[in-house]
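> Quick one: sequence plus predicted model below, questions after.
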Amino acid sequence: MHRSYVNEDITVFWDSDKCRHAKMCVSGSPKVFEFGRRPWIKLENASSREIWETVKKCPSGALDIIYNHDVTIEFDEAGHCSAAFLDGKQIGECDYDDTGEAFNIYHTEVDREHGGKGIAKRLVYRVIEEAERRGRGVIPTCSYAAKIYNS
Ligand code: SF4
């Protein structure tokens with residue numbers, strides 16, 4: 001299962017398949033990470049700096065974290081995509097086809113000047129999350145999506 005959690009500054013990614021339940025996250029920021037709670041990650045319960053330091057101690061890579069750089073991500077079900085926006089301008093998107101059984105992610109693109117900020121990962125994660133919430137599989141035809149999904 002893939003999930004992302006967002007506050008004003010940061011996005012935290014969680015890939016449950018990688019989690020070894022070493023609980024470094026729980027001991028590092030117990031108000032943020034609590035297994036059994038829904039949602040189990042609550043970013044509002046600590047500073048972004050504390051969360052950053054805790055996530056960096058995750059031994060398995062199940063948790064990851066990036067700065068948002070003021071970029072917001074929106075999911076557009078009708079348009080079959082997720083899209084990234086900065087100051088109201090679209091700067092990236094991730095496109096998929098819904099086969100009825102799976103979301104086939106076939107294209108991910110971010111404007112060149114905004115590369116290296118983790119925006120593509122946020123876009124792909126958002127589509128994967130929405131597929132999983134609907135009980136669909138994921139077919140990562142796009143090579144970047146495959147890298148995120150299979151890593
Ligand atoms: S620190 Fe990482 S591996 Fe350990 S429980 Fe938390 S998410 Fe899982």
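On my side now, so go ahead.

> Tell me the residues on this protein that lie near the ligand, please.
19, 20, 21, 22, 23, 24, 25, 58, 59, 60, 62, 63 (Cβ under 6 Å from any ligand atom). Bear in mind the C-beta positions are built from the backbone N, C-alpha and C, glycine included.

> pLDDT value on residue 29, please?
With respect to pLDDT, residue 29 has a value of 98.

> Check the secondary structure at the nearest residue to it once chain neighbours are set aside for me.
Among residues not flanking residue 29 along the chain, residue 54 sits closest, at 4.3 Å (Cβ to Cβ, 6 or more residues apart in numbering). With DSSP: H, G, I helix; E, B strand; the rest coil as the basis, residue 54 sits in helix.

> Mind listing what's buried along the lengthiest helix in the chain?
When the chain is parsed with DSSP state H, its longest helix is helix 119-133. Applying a neighbour-count criterion of 16 or more other Cβ atoms under 10 Å, the buried positions in helix 119-133 are 119-132.

> how far out from the middle of the chain is it?
Centroid displacement of helix 119-133 relative to its chain, using Cα atoms, centre = their mean, to the nearest Å, is 6 Å.

> which residues touch that helix?
For helix 119-133, contacts defined as Cβ atoms under 8 Å, 6 or more residues apart in numbering pick out 1-4, 11, 13, 64, 66, 69, 71, 73, 75, 77, 81-84, 91-94, 96, 102-103, 105, 108-110, 137-138, 140, 142, 144-145, 148-149.

> Filter those down to the buried ones and hand me the ChimeraX line.
Buried residues among these (16+ other Cβ under 10 Å), as a ChimeraX selection:
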select :2,3,4,11,13,64,66,71,73,81,82,83,84,91,92,93,94,96,103,105,108,109,110,138,140,142,144,145,148,149
